[in-house]
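# Pasted the sequence and its predicted model underneath.
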Amino acid sequence: MARVGLVNPNTERRRHSPATCHRVLSLLFVALVFVLGCVPENVLWLPDSSGLVFSDRGGSRLVQYDFSRKAYKVIVADTKTQTPWPAIRSDTKRLAVAKCLRSTEKGKKEYQQTIQIVVYDLTGQELSRSSVYSTDGISNVASDETETHLEETAVNWSGPANKILVQVDEALIYDLATGNWNALNVSAFVVDSSFGVRPDGKGFLAADKAAAYFVDWDGWMTKFANLPAESDKAGSIRGFRWDGKVARLSHEGGDALLDTATMTYKFIPQSQLDDKNAESNKTRIFTTWTYDFPNGNTRLCLRLDGSEPDRVPVEWVEIQMPKDRRSRAITKKGEYHFPGLGDPAFFPSPDGTKVAICALVEPSRTQHKIIIVDDAGTILATLNRESVR
C-alpha cells in the first residue's frame, strides 16, 4: 500500500493542521487517534445497477464490469494517479480521479504538493482537467530521498454537479464552474460508500482533532454539540448508515447518532437496542460490519471468529434473515480477509438488490477480489482486482 493515506502522523502542515484518516469516526466513541492509514478501495455502481466501475493496479487503472455480458472492459489503462477511491457522477456517468504529487528533498523535512482532478467518460475519453492546487508542509522526520511520488487520493462527486470533494491529507472542494479550490483543514468521513455525504446531497461529515462537523459545499462548517471527548463503551465499528439527516454509526457497544438537522450527538447503548447485533463474548465470534437490504428481510454480515487466541481470526460473509432467526455462511470460513474495522465494507447498488464487498484472498492477502451478493444471499460474481501497478 502507498505510504500516505488520509493522515500521516509524521506530517505537520504548514498552513493546515493535520487531518484524520478514514478511521476518524472513532472520535465519536473513543479519544481521537491519528494513525497512518491507507485510502480504502471502493466500488462504483452504474446508475441502473447494470454494472460497476472500480480502480485497480494501485488506483491507476479504471475498469468496468457488465452483468449482462459477464465481462470486463478497461476504461483507462493508466490514469497516472493513485486513486483507490474514484468517483462517478451518476446523472452523466462521468468519472473523476485525483492526481497528488508530493516532492521531497533528501535530508529535509519540507515538502511541496500538487493536486489535480481528471474527468473521464465511460469510453475512457478525457473530458477535462482541473486547475492545480499547490500546498506545502513540514514532516516530523527528514526525507530519505529526493523524489516526486504519487500519493493516494479519495474522490466524491455525489453533491452538486459542479463540486468535487477530494481527500488526501485534508478535504478539499473543487468548483468545476469557477476553477477554484477550497481547502477545509478537516478530513471527510471516508467510512462507507456514501463518503459521509448526506442522502439529500446538501453536505457531508468531517472532523479534525477536536470535533466533528457538517460541511456544506461552499465550505461552511457547523460543529456538532455535546460530542464526548472519549468513551470506553463503544468498541469496534460495525456499520454506518444515514437515517434521513441522522448519521448512525453502529459499534459493538451501541449506536452513535449525529443529527445534522439539530447538530447534536447521542449515544444509545446496545442494551437499549434490539438484538440484531447481539454477540456471545464466550465464543468470541463477532459481527464486524452489517448491511440491511431495503427489502427488510435480509442482512449481510462480516463475521469473525477469534475464539483461538494463538490463531489468526477466521472471517466469512454471512446472510441473515432476522425475522426467521435464520442465517448461513455464503463464503467459506477463512477463505477471505476483509479490509478491517473502520474500513468501508459494503457498496450497495442503486436499486438496492445487490451489494459489492471488497476482500483479500487468504492467506497471502495480496490478491484483491470484489464479491457481488444479491438480496437472497446468492453470490452473483467474484471479480479480480489486480493489485500490481
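Thanks, I have the structure now. Numbering: from 1, shown residues only.
# Could you measure from the residue lying closest to Thr287 once chain neighbours are set aside over to Asp175?
Using C-beta to C-beta, 6 or more residues apart in numbering and skipping the chain neighbours, the partner closest in space to Thr287 is Cys301 (4.9 Å). Every C-beta, even on glycine, is put in place using the N, C-alpha and C of the backbone. Going from Cys301 to Asp175 by C-beta to C-beta, to the nearest Å gives 40 Å.
# same question, Thr331
Thr331 sits 43 Å away from Asp175, going by C-beta to C-beta.
# of these two, who's got more company?
When neighbours are counted by other C-beta atoms under 10 Å, Thr331 and Asp175 differ, and Thr331 comes out ahead with 20 against 17.
# Off-centre distance for the helix or strand hosting the residue nearest to Thr287?
In this structure, Cys301 sits in strand 299-305 according to DSSP states H and E. Distance, stretch centre to chain centre, for strand 299-305: 18 Å (C-alpha atoms, centre = their mean, to the nearest Å).
# State the next helix or strand along the chain beyond it.
Taking DSSP H and E, what comes next after strand 299-305 is strand 314-321.
# How about the contacts made by Val53?
The contact partners of Val53, by C-beta atoms under 8 Å, 6 or more residues apart in numbering, come to Val43, Leu44, Leu46, Leu62, Val63, Gln64, Tyr65, Ile75, Pro86, Ile88, Leu95, Leu122.
# where does the stretch 251-389 of the chain have low pLDDT?
Scanning the stretch 251-389 of the chain for pLDDT under 70 picks out the ranges 252, 274-285, 340-344, 388-389.
# that older thread, tell me the one of the contacts of Val53 nearest Arg102?
The closest of those to Arg102 turns out to be Pro86 (C-beta to C-beta; 19.6 Å).
# Please look at the closest one and Leu95 and confirm they touch.
Yes - here Pro86 reaches Leu95: they are 5.9 Å apart, a contact under C-beta atoms under 8 Å.
# which residues do the two both contact?
By the contact definition C-beta under 8 Å, 6+ apart, Pro86 and Leu95 are jointly contacted by Leu44, Val53, Leu62.
# tell me which element the last one is part of?
Taking DSSP H and E as the criterion, Leu62 maps to strand 61-66.
# Tell me the first helix or strand C-terminal of that strand.
Following strand 61-66 in sequence order, the next helix or strand is strand 71-76 (DSSP H and E).
# Show me what the very next helix or strand once past that following strand is in contact with.
Next in sequence after strand 71-76, counting helices and strands by DSSP H and E, comes strand 82-85. Outside strand 82-85, the residues that touch it by C-beta under 8 Å, 6+ apart are 2, 38-42, 55, 58-60, 97-100, 150-155, 167, 190.
# try it again with 7 Å
Strand 82-85 has contacts (C-beta atoms under 7 Å, 6 or more residues apart in numbering) with 2, 39-42, 55, 58-60, 97-98, 150-155, 190.
# Can you flag the buried ones in the residues you listed?
39-42, 55, 58-60, 97-98, 150-155, 190 (16 or more other C-beta atoms under 10 Å).
# who's in contact with Lys106?
Lys106 is in contact with Ser143, Asp144, Glu145, Thr146, counting by C-beta under 7 Å, 6+ apart.
# Count the neighbours of the second one for me.
Applying other C-beta under 10 Å, we find 9 other residues in the vicinity of Asp144.
# what's the closest non-adjacent residue to it?
Nearest one to Asp144, counting by C-beta to C-beta, 6+ apart, is Lys106 at 6.7 Å.
# hey, what's that neighbour bridged with?
Note on Lys106: beta-bridge partners by DSSP bridges are Ser143.
# Against Asp136, how distant is it?
For Lys106 relative to Asp136 (C-beta to C-beta), the value is 17 Å.
# cool, Leu176 as well?
Using C-beta to C-beta, Leu176 is found at 25 Å from Asp136.
# Of the two, which one has the most company?
Leu176 (17 against 13).
# got a list of what that one touches?
Asn162, Ile164.
# I figured the residue nearest to Thr287 was touching Trp316, is that so?
No - look at Cys301 against Trp316 with C-beta atoms under 7 Å: they stay out of range, at 9.2 Å.
# Val215 against Gly203, yeah?
Yes - at 5.4 Å, Val215 counts as touching Gly203 under the criterion of C-beta under 7 Å.
# just to revisit the earlier point, may I ask which two of the contacts of Lys106 are separated the most?
Maximum distance among those (C-beta to C-beta): 9.3 Å, for Asp144 and Thr146.
# Check the protein for me, the residue farthest from its geometric middle.
The outermost residue of the chain relative to its centre, with distances by C-alpha atoms, centre = their mean, is Gly107 at 33.8 Å.
# ok, that residue to Glu145 distance?
From Gly107 across to Glu145, the span is 10 Å (C-beta to C-beta).
# Also Leu302?
Distance of Leu302 to Glu145, computed by C-beta to C-beta: 38 Å.
# re the thing from before, neighbour-wise, which of Cys301 and Trp316 wins?
The neighbour count for Cys301 versus Trp316, taken as other C-beta under 10 Å, is higher for Cys301 (25 against 18).
# okay, stretch 124-144 in PDB with CA atoms only?
Extracted as PDB, the C-alpha positions of stretch 124-144 are listed here (Å, rounded to 0.1, in the frame of the first residue of the first chain):
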ATOM      1  CA  GLY A 124     -12.100   6.400 -21.400                       C
ATOM      2  CA  GLN A 125     -12.000   9.800 -23.100                       C
ATOM      3  CA  GLU A 126     -10.500  12.500 -21.000                       C
ATOM      4  CA  LEU A 127     -13.100  15.300 -20.700                       C
ATOM      5  CA  SER A 128     -11.400  17.900 -18.500                       C
ATOM      6  CA  ARG A 129      -8.600  18.600 -16.000                       C
ATOM      7  CA  SER A 130      -8.900  20.900 -13.100                       C
ATOM      8  CA  SER A 131      -6.600  23.700 -12.100                       C
ATOM      9  CA  VAL A 132      -3.700  22.600 -10.000                       C
ATOM     10  CA  TYR A 133      -3.900  23.200  -6.200                       C
ATOM     11  CA  SER A 134      -0.500  23.600  -4.600                       C
ATOM     12  CA  THR A 135       0.500  23.400  -1.000                       C
ATOM     13  CA  ASP A 136       3.500  22.700   1.200                       C
ATOM     14  CA  GLY A 137       4.200  21.200   4.600                       C
ATOM     15  CA  ILE A 138       6.800  20.100   7.000                       C
ATOM     16  CA  SER A 139       7.300  16.500   8.100                       C
ATOM     17  CA  ASN A 140       8.500  15.500  11.600                       C
ATOM     18  CA  VAL A 141      11.300  13.500  10.000                       C
ATOM     19  CA  ALA A 142      13.700  14.300   7.200                       C
ATOM     20  CA  SER A 143      13.100  12.600   3.800                       C
ATOM     21  CA  ASP A 144      15.300   9.600   2.900                       C
END
